[in-house]
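K.L.:
this is the structure alone, sequence omitted:
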């Protein structure tokens, strides 16, 4: 079939995407231990290869895969989980899938490719059962509590104590004690519930999320001497943590990003502002001058 130059250029782009995604899915399939999940990824890889050959029939040209993109998504999947990597890649495919519709009248196979790509998305929604995603609830618990409690506590300590090293010491003691308490509570909570989650693992994920957040928020007080600067950097770090974590969850679980981000950010900042003024008035009331 004869196609115009504009269509051919677009099909070459599709062709490159398909062969690239074939290699990505093939590499990721080799990482998966569960036979059923591996089988689904291998099938999707073969479908991508089939799409590549369909476009090749029209372009009459072989296309090499995008090596950088292959390793990019392979590394992302290795670090942040296969579900996150795949969903992130699928988000990038949405525009390409929509544009297939423009070629349905010109190319008869375009419609079947479009339908298969949609099928891929549906299969991927329930594809993997990763431990990291099973315990996101526990991580959210640890992360959210650490952000709300410690950001508020540090804001209060900042005006009450006015000494960065002392604030860091009190913050670390408070944060570590709270992390152990939160992990213990999560363990007991999961143990009393009928759930597929293991209580000890849930407690570990909660505790780690809490401890990591504590150290990130405390760091400015160990580096800088101006306590107002420390508080500003801590609040910025808290917002960045909220942004990154909510972005991860929004991609991995296909949830709305901005709603959860603003909800969590407003809660943390609201508590911090309130605690800041509480620390100020308590310092005046008690008459402490450090």
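P.N.:
That came through, no problem. Everything numeric here is computed off the predicted structure, so don't read it as measured data. Numbering: from 1, shown residues only.
K.L.:
in the stretch 1-150 of the chain, where is pLDDT below threshold?
P.N.:
Applying pLDDT under 70 to the stretch 1-150 of the chain flags the ranges 1-3, 92-106, 108, 111, 118, 120-134, 137.
K.L.:
going along the chain, name the helices of it.
P.N.:
Ranges of helices within the stretch 1-150 of the chain are 5-31, 35-59, 67-80, 82-99, 109-125, 131-134, 136-161, based on DSSP state H, counting those that start in this stretch.
K.L.:
now the ones you listed as CSV including distance to residue 225?
P.N.:
The C-beta positions use only the backbone N, C-alpha and C, and glycine is treated the same way. CSV is the format used below for those (distance: least, CB to CB, whole Å):
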stretch, distance to residue 225
helix 5-31, 47
helix 35-59, 52
helix 67-80, 35
helix 82-99, 39
helix 109-125, 50
helix 131-134, 38
helix 136-161, 13
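K.L.:
list the contacts for residue 62?
P.N.:
residue 56 (CB atoms under 8 Å, 6 or more residues apart in numbering).
K.L.:
now it: how far from residue 8?
P.N.:
14 Å (CB to CB, to the nearest Å).
K.L.:
what pLDDT does the residue nearest to residue 243 when sequence neighbours are not counted get?
P.N.:
Distances taken as CB to CB, 6 or more residues apart in numbering put residue 261 closest to residue 243, at 6.2 Å, once the chain neighbours are dropped. Residue 261 is assigned 82 on the pLDDT scale.
K.L.:
can you tell me the element residue 261 falls in?
P.N.:
helix 257-286 (DSSP states H and E).
K.L.:
mind giving me the packing neighbours of that helix?
P.N.:
helix 136-161, helix 227-252 (3 or more CB pairs under 8 Å, 6 or more residues apart in numbering; DSSP states H and E).
K.L.:
how about those helices, which one is nearest residue 119?
P.N.:
Closest to residue 119 of the helices and strands packed on helix 257-286 is helix 227-252 (CB to CB; 20.4 Å).
K.L.:
so for that closest one, what gets flagged as buried?
P.N.:
By 16 or more other CB atoms under 10 Å, the buried positions in helix 227-252 come out as 227, 230-231, 233-235, 237-239, 241-242, 245-246, 248-252.
K.L.:
off-centre distance for it?
P.N.:
Averaging C-alpha positions (CA atoms, centre = their mean, to the nearest Å) puts helix 227-252 13 Å from its chain's average.
K.L.:
just want the angle from that helix to helix 136-161.
P.N.:
170 degrees (axes from the mean of the first three to the mean of the last three CA atoms, to 10 degrees).
K.L.:
residue 173 and residue 145: what is the separation?
P.N.:
16 Å.
K.L.:
which one's more surrounded, these two?
P.N.:
Neighbours per residue, other CB atoms under 10 Å: of residue 173 and residue 145, the larger number sits with residue 145, 19 against 10.
K.L.:
the more buried one against residue 183, yeah?
P.N.:
No - the pair residue 145 / residue 183 is not scored as a contact, 10.6 Å apart, by CB atoms under 8 Å.
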